[in-house]
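Engineer: sequence plus the predicted model coming up.
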Amino acid sequence: MELSEKKINSSEKFNGKILHLYVDEVKLPNGHTSFREVVRHPGASAVIVRSNEGKIILERQYRYPINEVLWEIPAGKLDLGEDPINCAKRELMEETGITARRWEKLGHIYTTPGFSDEKIYLYFASEISNGKTHLDEDEFVEVEYFTIDEVELMIVNNEIVDSKTTVAFFRAQKRGLI
């Protein structure tokens with residue numbers, strides 16, 4: 001059975017710095033038409049870091065859309081044409097001051113495929129060196145180190161509710177990286 005939908009036309013409703021909202025008319029597999037509201041996003045990279053002492057590095061950051069402070073791995077938006085690994089390295093340095101010698105790709109996730117095309121590339125980093133952070137002027141984060149057992153318990157106890165962090169942790173753990 002064919003499941004894909006075909007775009008008939010598209011209308012841009014909002015063009016922001018990060019997000020673009022479209023309303024697309026689509027042809028459904030049964031031949032009928034419908035409308036899809038789609039948020040276009042440039043994508044992002046995120047990195048789970050194991051310190052030289054074997055701890056996981058997490059950030060506490062306030063997220064305005066949900067009015068909550070979350071525990072997350074370092075992450076950030078891709079610049080136009082930027083390679084995802086370079087974005088991960090840049091964000092890690094900016095947010096934590098850390099550089100890493102070892103990098104491994106953990107795949108990618110789609111955050112909310114029901115209405116957005118946001119794709120986050122996930123990486124693992126280790127063999128780190130500490131340096132100075134370079135936060136954006138509107139960015140405020142606190143960095144802390146946790147044992148693997150502590151992070152796992154934080155996920156189980158719903159203290160970590162960020163999907164990229166949970167998936168990156170699980171994938172790194174299953175590959176024996178942490």
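Structural biologist: Received the coordinates, thanks.

Engineer: what's the nearest residue to N9 once chain neighbours are set aside sitting at in phi/psi?
Structural biologist: Leaving aside its sequence neighbours, N9 sits nearest to E25 (Cβ to Cβ, 6 or more residues apart in numbering; 5.1 Å). C-beta here means a position set from N, CA and C on the backbone, and glycine is covered the same way. Backbone torsions for E25, taken as degrees, to the nearest 10, come to phi -90, psi 130.

Engineer: was I right to think E25 contacts E5?
Structural biologist: No - here E25 lies out of contact with E5, judged by Cβ atoms under 8 Å, at a distance of 10.0 Å.

Engineer: what residue in the protein is the furthest from its centre?
Structural biologist: Distance from the C-alpha centroid of the chain, by Cα atoms, centre = their mean, peaks at G31 (35.4 Å).

Engineer: S129 - how many residues pack around it?
Structural biologist: When neighbours are counted by other Cβ atoms under 10 Å, S129 registers 10.

Engineer: quickly find the element holding it.
Structural biologist: Using DSSP states H and E, S129 falls within strand 119-130.

Engineer: how about the helix or strand harbouring L106: buried residues?
Structural biologist: For L106, the host element (DSSP H and E) is strand 98-110. Of the residues in strand 98-110, 98, 100, 106, 108-109 count as buried by neighbour count, 16 or more other Cβ atoms under 10 Å.

Engineer: same question, stretch 40-58
Structural biologist: Neighbour-count burial for stretch 40-58, counted by 16+ other Cβ under 10 Å, picks out 41-50, 55-58.

Engineer: quick one: pLDDT of D138?
Structural biologist: The per-residue pLDDT reported for D138 equals 80.
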